[in-house]
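Enquirer: Got a predicted model here, sequence first, then my questions.
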Amino acid sequence: MKALAQLIIRKAAKPYVFLIFFFCQQLFADWPRHRGDAALNGRTNAELGTKLDLLWSYETGEFLKSSVVVEEGIAFVGSDDGLLHAIELETGKKKWAFKTEMAIEAPPLLYGGQVIVGSTDGFLYSIGQKSGKLTWKYETMGEIMGAANQAIRPTSKDDVLVVGSYDNFVHCVETKSGKPVWKFEAQNYINGVPTIYNQENVVFGGCDAMLYVIGLEDGKSVRSIEVEAPIAASVAIADGVGYVGDMDRSVTAFNLDSGDIVWNYQQKSLDSLTDTSRLRRIGFLYQRECAD
């Protein structure tokens with residue numbers, strides 16, 4: 001079985017160096033979207049070995065806050081200078097780089113031969129995976145800090161992308177053209193990745209301290225759940241339950257069908273919990289604040 005590449009960013013002496021480590025000299029497994037799937041479970045069936053070897057390093061020139069995605073032997077990552085980098089995994093050499101107007105902090109999404117990535121310049125870009133050329137771009141009115149997610153609308157069967165923005169909206173656009181389909185307004189910034197539930201609903205939290213479930217087909221509200229603090233994280237879904245951390249050091253589990261709170265855990269000694277990835281256990285991955 002293919003081994004999963006471990007993609008590690010050094011944020012100490014050389015924060016601009018992207019390092020790749022590899023287990024057991026096996027082939028790299030694909031990891032085409034943030035947390036692995038549309039439900040953001042963050043799991044893989046790939047097997048890891050026990051030996052860690054440095055194969056190469058790649059300088060991006062600026063800090064890396066974007067997570068790495070991988071497909072067909074190419075790694076894609078954004079950097080703070082607004083560049084999206086395509087890097088050959090075997091050699092560490094640049095395949096191409098695409099320039100946006102401001103920093104890229106969102107992880108890219110690889111789908112249908114395109115790299116879909118949001119920038120803090122407010123645009124969602126679709127770039128040819130092989131060519132590095134722009135296919136289309138869609139403008140929001142705020143920074144895009146989280147990855148886009150892909151889904152098929154349940155009735156129309158349209159192939160769409162959903163993405164949150166600091167304009168307070170979740171936007172749904174056509175995958176092939178970038179044309180708008182619908183948008184849903186929250187009361188504050190959307191920082192995380194919109195999660196897809198059962199190919200029917202979009203689930204996300206906002207910096208307005210609300211959890212939202214909206215229809216994938218039409219973008220209309222299904223239900224909303226008030227929590228104790230702003231949410232900068234993405235919701236992970238398993239077995240009909242959503243899990244998300246908030247800025248008050250709490251993790252909330254909620255029933256997606258009823259909206260009922262299943263449980264809430266708070267640990268005051270922890271930093272703000274702003275990213276969870278859970279199937280049988282919960283992992284806290286990174287912190288990002290909701291701005292005032």
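Expert: Yep, it's here.

Enquirer: what about Q150, helix or strand, and which?
Expert: Assigned by DSSP states H and E, Q150 belongs to strand 149-152.

Enquirer: export that strand as PDB, just CAs?
Expert: Taking Å, rounded to 0.1, in the frame of the first residue of the first chain, the C-alpha atoms of strand 149-152 are listed here in PDB:
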ATOM      1  CA  ASN A 149     -15.100  22.100  -0.400                       C
ATOM      2  CA  GLN A 150     -16.600  20.300  -3.400                       C
ATOM      3  CA  ALA A 151     -20.000  18.700  -3.600                       C
ATOM      4  CA  ILE A 152     -22.800  17.700  -6.000                       C
END
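
Enquirer: Show the average pLDDT along the next helix or strand after it.
Expert: Next along the chain after strand 149-152, taking DSSP H and E as the criterion, comes strand 159-164. Strand 159-164 shows a mean pLDDT of 98.

Enquirer: which parts of strand 159-164 are buried?
Expert: Going by neighbour count (16 or more other CB atoms under 10 Å), the buried part of strand 159-164 is 160-164. All C-beta spots, glycine's among them, are computed from the backbone N, C-alpha and C.

Enquirer: again with stretch 227-236
Expert: Applying a neighbour-count criterion of 16+ other CB under 10 Å, one finds 227, 229-236 buried in stretch 227-236.

Enquirer: how much space between A147 and C207?
Expert: From A147 across to C207, the span is 17 Å (CB to CB, to the nearest Å).

Enquirer: so who does the residue nearest to D159 when sequence neighbours are not counted touch?
Expert: Here the nearest residue to D159 in space, its sequence neighbours aside, is T175; by CB to CB, 6 or more residues apart in numbering that works out to 4.3 Å. Counting by CB atoms under 8 Å, 6 or more residues apart in numbering, T175 makes contact with 111-112, 114, 116, 126, 150, 159-161.

Enquirer: same check, this time on K183
Expert: K183 neighbours (CB under 8 Å, 6+ apart): 169-172, 219.

Enquirer: Pairing partners for it in the sheet, please.
Expert: Beta-bridge pairing of K183 under DSSP bridges involves H171.

Enquirer: and if you look at Y197?
Expert: N201.

Enquirer: OK, contacts around it?
Expert: By CB under 8 Å, 6+ apart, the neighbours of Y197 are 39, 203, 213, 237, 242, 256.

Enquirer: now, which of the residues you listed lie within strands?
Expert: Using DSSP state E, 203, 213, 237, 242 are the members of those that sit in strands.

Enquirer: Just put these in TSV and tack on neighbour count.
Expert: As requested, those are arranged in TSV below (neighbours: other CB atoms under 10 Å):
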residue	neighbour count
V203	25
V213	22
I237	23
G242	26
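
Enquirer: Go through those residues and say which is closest to W56.
Expert: For those, the minimum distance to W56 (CB to CB) is 35.6 Å, reached by I237.
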